[in-house]
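Visitor: Provide a 3D model corresponding to the input given below.
(one chain, ligands or ions: 1)
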Amino acid sequence: MKSSEILCYGKACDHPRKSGTAALKVENVSFTYPGQNTEVLQGVNIDIGPGEKVAFVGPNGAGKSTLMNLILGLEPLNHGTISVFGHDAQSCRHRVSMVPQKNSVDWHFPVTVRQVVTMGRYVHLGWFKKPGKEDSEAVDKAMETMEITNIANRQVGELSGGQQQRVMLARTLAHDADLMLLDEPLNHVDIATQELIFHTIEDLCQGGKSVLVSTHDLGILTVHFSRALFLDKSIIADGPVKEVLTPENIARAYGFEFHKDKELSPWLNGY
Ligand SMILES: Nc1ncnc2c1ncn2[C@@H]1O[C@H](COP(=O)(O)OP(=O)(O)OP(=O)(O)O)[C@@H](O)[C@H]1O
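Guide: Next up is the predicted model:
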């Protein structure tokens, strides 16, 4: 995926949020990439409310990034519907922001940290209007939250993996979307950055934002999430972490056989 696609938000719509509607509603979505003949998503249904923080779990190739790209409108939908706060997701792209997987961004793009974070404001501005005081303040605040103010003038290509991840999160904060899709935000980050990311997500959800976080780290589910969605082309399980994080569901999602008598990893004991 090109940086220009990831950084494109589409036109801001002025549809008010419909009261009582889900932040995200995915209904019967199936998807096949153009020119391919295998479905990568099959009959997916998801309903996420305002203020919810949901872990999105599944093996490599399960379709997590594909679904996030469909929600953001980066791929055209083949089958089913996706709505955001009661409106067709395609017409409400400014309400949704995404932190893409780190390796899907072209980090050689010659821009500074501050310029990337400011891109989060273009959805409110359009590409041709200059950022004003309010935008500048939003950018400052986002950089402060992600603790990157001291590297504001550095080129993003020169940064470490963890610093780049903080920059992409700051851009999302500056965007101030209502639904945030974070695609493996914990990859390449140290424990301090992980903690910062979790605290930030928690604050966002307390403020009514909805956040969907894809992760391969099942160990964090019980600590940081109350709800988890297991996907492997179709939804394998969806519900409170305490109920869905079972050896059977993990085995189903990751496609291995579960033996009751086999010893499990320590963090699964008790499930
Ligand atoms: N542009 C594309 N064209 C064709 N097939 C694609 C494309 N992008 C992804 N795929 C395929 O779609 C399937 C789902 O991939 P996707 O990246 O959505 O999975 P994922 O769950 O995000 O995996 P991971 O955990 O490894 O990031 C895979 O089989 C992948 O090969």
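Visitor: Which helix or which strand is home to residue 29?
Guide: Using DSSP states H and E, residue 29 sits in strand 24-31.
Visitor: Which residues of this protein lie near the ligand?
Guide: Residues of the chain found near the ligand (CB under 6 Å from any ligand atom) are 33, 36, 40, 58, 60-66. Placement of C-beta: from N, CA and C, glycine included.
Visitor: Go ahead and build a ChimeraX selection from the buried members of these.
Guide: To isolate the buried ones among those in ChimeraX, judged by 16 or more other CB atoms under 10 Å, type:
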select :40,58,62,63,64,65,66
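Visitor: Using CSV, please lay out the residues of the chain next to the ligand together with pLDDT and secondary structure.
Guide: Shown next, in CSV, are those (pLDDT from 0 to 100; DSSP: H, G, I helix; E, B strand; the rest coil):
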residue, pLDDT, secondary structure
33, 95, coil
36, 93, coil
40, 97, coil
58, 92, coil
60, 91, coil
61, 93, coil
62, 94, coil
63, 96, coil
64, 95, helix
65, 94, helix
66, 95, helix
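Visitor: okay, among the residues of the chain next to the ligand, which ones form the most distant pair?
Guide: Greatest spatial distance among those (CB to CB): 36 and 58, at 18.9 Å.
Visitor: Identify all contacting residues around stretch 119-126.
Guide: 7, 9-10, 12, 93-94, 97, 131, 135, 138-139, 142, 170-177 (CB atoms under 8 Å, 6 or more residues apart in numbering).
Visitor: and those residues, which of them are in strands?
Guide: residue 97 (DSSP state E).
Visitor: Of the contacts of stretch 119-126, keep whichever come out buried.
Guide: 7, 9, 93-94, 97, 131, 135, 138-139, 142, 170-177.
Visitor: need the strands for the stretch 151-271 of the chain, in chain order.
Guide: With DSSP state E, counting those that start in this stretch as the criterion, the stretch 151-271 of the chain has strands at 179-183, 210-214, 227-232, 234-240.
Visitor: Of all the residues in the last one, which ones are buried?
Guide: Neighbour-count burial for strand 234-240 flags 234-238 (criterion: 16+ other CB under 10 Å).
Visitor: Among the residues you listed, find me the one that's closest to residue 148.
Guide: residue 238 (34.4 Å).
Visitor: which residues does the closest residue to the closest one other than its chain neighbours contact?
Guide: Distance criterion CB to CB, 6 or more residues apart in numbering; nearest residue to residue 238, sequence neighbours excluded, is residue 229 at 4.9 Å. By CB under 8 Å, 6+ apart, the contact list for residue 229 reads 46, 54-57, 212, 235, 237-238.
Visitor: With residue 153 instead?
Guide: Residue 153 neighbours (CB under 8 Å, 6+ apart): 112-114.
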